[in-house]
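*Asks:* Got a sequence here, can you build the structure:
(3 chains)
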Amino acid sequence: MSREELKKEFKTFEDLPLTPITSVPSSANQTGGWKTFRPVLDKEKCIKCHICWKFCPDVSIKAKEDEFPEFDYDHCKGCGICAYECPKDAIEMILEEESQ
Amino acid sequence: MVLRLWPGVSGIFTETMASNMPVAYSKGGSTMESEILGSMIEVRFHGRGGQGAVVASNILAEAGFLEGKEVSAFPFFGVERRGAPVTAYTRVSDRKIRIKSGIYAPDFVIVMDPTLVKAVNVVEGLKPEGLVLVNTKENADSLRRGLGITGEQKVATIDATGIAIKHRLGSKAAPIVNSSVLGAFARASGLVKLESLVSSIRHNVPVKLDENTAAAKEAFESVVMQ
Amino acid sequence: MKIMMTGNYASAYGAMAAKAEVVAAYPITPQTSIVEKIATLVSSGEMKCQYVKVESEHSAMAACISASQTGARAYTASSAHGLTLMHELLIWASGARTPVVMSNVNRAMGPPWSVWADQHDTMAQRDTGWMQVYCDSNQEVLDSIIMAYKVGERADIMLPSMIIEDAFILSHTMEPVDYPDPELVEGYLPSFDPRFRLDVDEPYGFGSLVMPNWYMEFRFKINEAMEKTRGAILEAEKEFEETFGRSYGGLMDFYKCEDADAVLVLAGTVASTAKHVADKLRSDGKKVGVARLRCFRPFPYDEVRQLAKMTNIIGVCDRSYTFGHWGPMATEVKGALYGLADVPTVKNYIMGLGGKDLTPEVLEKVFVKTLQLKDTGLDTEIEWIGVTGHGGW
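*Replies:* Model prediction:
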């Protein structure tokens, strides 16, 4: 069974691999659509401490030294933990429909 | 001749030993033809934790194995502590050993530490015609009375501690009496030949191979049998 | 070439002979000398394998599963409380279709705290999707590890195996064991080559979520493979015998059962002692036999039905117990017999728990009790043997 075969539609149990195997990583599952609120960074207040990055339970904040954190909105579920933990109140959770 | 046959498993094996191997054994397991009982000899060792009773039981078993006999050796299935009285066991047989339970009526008892005679009932279960070998300077007759053994049972003694100290095995405070006791036992019991015992000792002791060999031979010559 | 070794060393040398590439294990009495020996062999360079130190048995099994998914031959060893801590991962191993092999030293579960022989720990893993082989000699321990990889790694099987030895009675007992010629092992056991493997350059996602429409299908496939292990175990043993000259009786090892008035079904070392006693009783004219249950999973369903044709009385001797029901082996034996026209009388004995010694004398009594059922009929479905103050003991 090849990578291509894994992408085919399974018709019976016989078509299945021995154990559930996916040909793409779990990041292919874009959970960003689940959120009601989205985090928005106020760069005036942010001190680049990256505490938000440490606390993000979904690895949806990208951090590089001396740079502002970036949110991965394709995977962020909008839990708001980053905003809660930010020591400078630099992250605001705004309604998804109002962010457009 | 001692050979290291392949990396990873250190073992000893000689051509003469190979010819002594019972052919049936290599079949193993359930394909063996059953034999009733056969002549199985059971030995119990008494020592103190750390004194080497378990190693002695293994050395004796391997000596029998080198003669082409079926053997097994095991410690008392317990929690061992240094200094506490411990027991170890060896079975030697000319048939495949199927019994996998403990030994309760030994043919031979070996007492590695003279103080154990008063601490433990070392002759418990000893067969009516059995033999007890004690590492002691004490006279065999008085030992016999002290142990309260009667009838056909035999007593043998060896000053294994003295021999071990003489050959500088262990320290004076804690001499290692394994090889001396086994040398005496080979003579007193006739269960294994001195030659195979020495091969087994040399394979199993980590250091002082020549001293251990000399001690076993000296004890073989000087064991006192009642 | 034969050398003297304990059952635990036979396990370690079995892993080495089978060329296990990853060993992840956590020590526990009476298994410790297995992993100690392997650590020694690895550190001296005699055994080429990655030895992973872990903080628990749960992690040991997790590491073995991952290693197996990368295509490495993985081995571990445990006992009692360690094995039961692994329980979650045992089920994962079979679901992930990783042919890990584990030695388990059968030890009683506490409390009361005990380190002695008892099959409760492995019997309680019945439903984890592992093959279980109960051994009665150190040679069988070593050989069974090699055979387990042969069976488990088959592309149409891909399931894990437990090779089981009784605490102390095998684990710490020295016996002569033949270490097989590495070249013969090489020919017998090809290298492990799974269809999919964890590979950072060619990534796949393993163990993903499956919706209810496909979950049962995956479980169905595990059972299809487990059913195939019956034949595969026999084939692997036949080839093993042709290569190495040793065999162990397949799933159920029959000893003098053909014309027996009564047969005892037992697993582990007690079966060996029972064969000795059967010989003695036969020499006294009592026709008894021994059916040694080697595999508890897959269960030797056909063999039990075969046994029913050989004898009219079966005594099943469990060295463990399912509280609120019978012993686990008796349950399975009776289940296999259901629906037969001539069902033998089956009596269950519970014995030897927590290392209570099963001497030839005890087994002789049990044989005699079982033979008496010929005249008396079944007296009681289950009897505990050797409980102080109970039933005349």
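*Asks:* Tell me if the helix or strand hosting C:Lys347 is near chain B.
*Replies:* Using DSSP states H and E, C:Lys347 sits within strand C:345-350. No. Against chain B, strand C:345-350 shows no contacts by C-beta under 8 Å from any C-beta of the partner chain, the least distance being 16.0 Å. Heads up, the C-betas are built off the backbone N, CA and C, glycines and all.
*Asks:* Tell me where chain B has helices.
*Replies:* Along chain B, the segments classed as helices by DSSP state H run B:15-20, B:53-66, B:116-119, B:140-147, B:160-166, B:178-189, B:194-204, B:209-222.
*Asks:* possible to save those as TSV with mean neighbour count and distance to chain A?
*Replies:* Formatted as TSV, the helices of chain B follow (neighbours: other C-beta atoms under 10 Å in any protein chain shown; distance: least, C-beta to the nearest C-beta, whole Å):
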stretch	mean neighbour count	distance to chain A
helix B:15-20	12	46
helix B:53-66	27	45
helix B:116-119	15	59
helix B:140-147	15	66
helix B:160-166	23	61
helix B:178-189	28	54
helix B:194-204	21	47
helix B:209-222	20	55
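*Asks:* got the ones you listed as a markdown table, with mean pLDDT columns?
*Replies:* Shown next, in a markdown table, are the helices of chain B (pLDDT from 0 to 100):
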| stretch | mean pLDDT |
| --- | --- |
| helix B:15-20 | 33 |
| helix B:53-66 | 96 |
| helix B:116-119 | 90 |
| helix B:140-147 | 89 |
| helix B:160-166 | 96 |
| helix B:178-189 | 97 |
| helix B:194-204 | 97 |
| helix B:209-222 | 97 |
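*Asks:* And those helices: which comes nearest C:Ile164?
*Replies:* helix B:53-66 (23.9 Å; C-beta to C-beta).
*Asks:* Now do the closest one: which elements does it pack against?
*Replies:* strand B:40-48, strand B:70-75, strand B:85-93, helix B:178-189, helix B:194-204, strand C:2-5 (3 or more C-beta pairs under 8 Å, 6 or more residues apart in numbering or on different chains; DSSP states H and E).
*Asks:* Can you read off the pLDDT for B:Gly148?
*Replies:* Per-residue pLDDT puts B:Gly148 at 85.
*Asks:* nope, A:Glu9 is what I meant
*Replies:* For A:Glu9, pLDDT reads 85.
*Asks:* That one falls within a strand, correct?
*Replies:* No. Using DSSP: H, G, I helix; E, B strand; the rest coil, the secondary structure at A:Glu9 is coil, not a strand.
*Asks:* neighbours of it, just the number please.
*Replies:* By other C-beta atoms under 10 Å in any protein chain shown, 5 other residues sit near A:Glu9.
*Asks:* got it, and B:Ala88?
*Replies:* 25.
*Asks:* now the one 5 residues further on
*Replies:* For B:Ser93, the neighbour count with other C-beta under 10 Å is 20.
*Asks:* what do you get for the one 5 residues further on?
*Replies:* One way to gauge burial is a neighbour count; for B:Arg98, by other C-beta under 10 Å, it gives 26.
*Asks:* my guess is B:Ile103 meets B:Arg91, correct?
*Replies:* Yes. B:Ile103 is within contact range of B:Arg91, at 7.2 Å (criterion: C-beta atoms under 8 Å).
*Asks:* any idea which helix or strand of chain A has the worst average confidence?
*Replies:* Least confident helix or strand, chain A: helix A:3-7 with a mean of 74, by mean pLDDT, DSSP states H and E.
*Asks:* Which secondary structure elements does whichever helix or strand comes after it sit against?
*Replies:* Using DSSP H and E, the helix or strand that follows helix A:3-7 towards the C-terminus is strand A:21-22. When contacts are defined as 3+ C-beta pairs under 8 Å, 6+ apart, strand A:21-22 sits against strand C:205-206.
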